[in-house]
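Undergrad: Coordinates for the following, if possible.
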Amino acid sequence: MHLLLVGPGALGCLLAAVLDKGIAASGDSLTLLDHNRERAALLASRGIVYVHGEEERIVPVAATSEPQRVGPVDVVILCVKSYDVAASLASCRPLLSDRTLVLFLQNGIGHLDPYAALGHAGAAFGTTTEGATLLAPGRVRHAGSGVTHLGFIRPPHGAMEPLLAATAAVFAAGGLTVYTSDLVLGRIWAKLFVNVGINALTATLGCKNGELLTLPGAAERMARLVAEAMEVARAEGIAFVDDPQEATRTVCQRTAENVSSMLQDVRHRRRTEIDAINGAIVARGRAHGIATPENELLLQQVREVEMGYGRAR
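TA: Residues are numbered from 1 along each chain as shown. Prediction:
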């Protein structure tokens, strides 16, 4: 099985290290695709540096910026940001066939209807609570272990189920706790609730996750954000996996010292995924005639932060 991992961000680099360990026993192969030619050349020559506690190891990768050099692939693992999904699928399109499975691992829910761009390829979706922090290009810290859920939203065709099972097996051999499930959509929404409550709020307040439980008014605002998302989810017919309010508070406690991915983006003056998270709640709320004032306010606040990137420091 030939796996193609697209996007060497924090999650992409972490999964490349995991897959390298997993394919050592399976005989499968892995290629990493990066749109940035210079960074792809750096990764190909130097490898990925994986940091976990006191452990530090170099993971060799076959990295390229040219899809035409990749050859036939069985599974494409898409680790790009939600706003880069369309462009990444377009670049990978020549590699896709009815024997190719594309696995989407984005935050939010903006990526859940990619079928028109896939042609005859299959689509699977996943969510993970593995913690990853990109320390530098190609250097990733495994910040915390979690659980990964993979599955299909629409009934799969052909060899898609065996391909997903084989991919999950490689992840597991690499050290991840991974499950395949018919309830992956509920899992994606469960993570969305947490991200809705935590990510953008920490990005605007400039605080660690745990501080949302102690800063004046933050916990109450977090609860309102999640409550609005829950109302939208009910209108969408989403079954709750866990209590979203309790789950969000628990994540704040368990990851108290963590810096959310959106706050990391803001600190590095990068585009955030606000549109796929709180923005998606606002958009779907409007479609159902549901008011989401707390999410609308936070969406505007994050956009204002992004607009300020160009100003003099």
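Undergrad: Every contact and neighbour count from this point should use C-alpha atoms.
TA: Fine.
Undergrad: residue ranges of the strands in the chain, please?
TA: 2-6, 29-33, 48-52, 55-59, 62-64, 75-78, 101-104, 122-128, 131-136, 139-144, 147-151, 177-180 (DSSP state E).
Undergrad: Tabulate these (a markdown table), appending mean pLDDT.
TA: A markdown table is the format used below for those (pLDDT from 0 to 100):
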| stretch | mean pLDDT |
| --- | --- |
| strand 2-6 | 98 |
| strand 29-33 | 97 |
| strand 48-52 | 97 |
| strand 55-59 | 95 |
| strand 62-64 | 97 |
| strand 75-78 | 98 |
| strand 101-104 | 98 |
| strand 122-128 | 97 |
| strand 131-136 | 91 |
| strand 139-144 | 92 |
| strand 147-151 | 97 |
| strand 177-180 | 97 |
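Undergrad: Turn these into JSON lines, including distance to G217 and mean neighbour count.
TA: Converted to JSON lines, these look like this (distance: least, Cα to Cα, whole Å; neighbours: other Cα atoms under 10 Å):
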{"stretch": "strand 2-6", "distance to G217": "40", "mean neighbour count": "23"}
{"stretch": "strand 29-33", "distance to G217": "43", "mean neighbour count": "21"}
{"stretch": "strand 48-52", "distance to G217": "35", "mean neighbour count": "20"}
{"stretch": "strand 55-59", "distance to G217": "39", "mean neighbour count": "13"}
{"stretch": "strand 62-64", "distance to G217": "46", "mean neighbour count": "22"}
{"stretch": "strand 75-78", "distance to G217": "37", "mean neighbour count": "24"}
{"stretch": "strand 101-104", "distance to G217": "35", "mean neighbour count": "24"}
{"stretch": "strand 122-128", "distance to G217": "29", "mean neighbour count": "24"}
{"stretch": "strand 131-136", "distance to G217": "27", "mean neighbour count": "18"}
{"stretch": "strand 139-144", "distance to G217": "28", "mean neighbour count": "20"}
{"stretch": "strand 147-151", "distance to G217": "31", "mean neighbour count": "21"}
{"stretch": "strand 177-180", "distance to G217": "36", "mean neighbour count": "18"}
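Undergrad: Quick check: which of the ones you listed is nearest to E296?
TA: With Cα to Cα, the closest approach to E296 among the strands of the chain belongs to strand 122-128: 24.8 Å.
Undergrad: tell me the angle of the helix of greatest length in the chain relative to strand 122-128?
TA: Longest helix of the chain, by residue count under DSSP state H: helix 184-205. Put simply, helix 184-205 runs at 50 degrees to strand 122-128, going by axes from the mean of the first three to the mean of the last three Cα atoms, to 10 degrees.
Undergrad: is it possible to export the strands of the chain to TSV including distance to A200?
TA: Putting the strands of the chain into TSV (distance: least, Cα to Cα, whole Å) gives the following:
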stretch	distance to A200
strand 2-6	25
strand 29-33	29
strand 48-52	27
strand 55-59	31
strand 62-64	32
strand 75-78	23
strand 101-104	22
strand 122-128	19
strand 131-136	17
strand 139-144	20
strand 147-151	23
strand 177-180	27
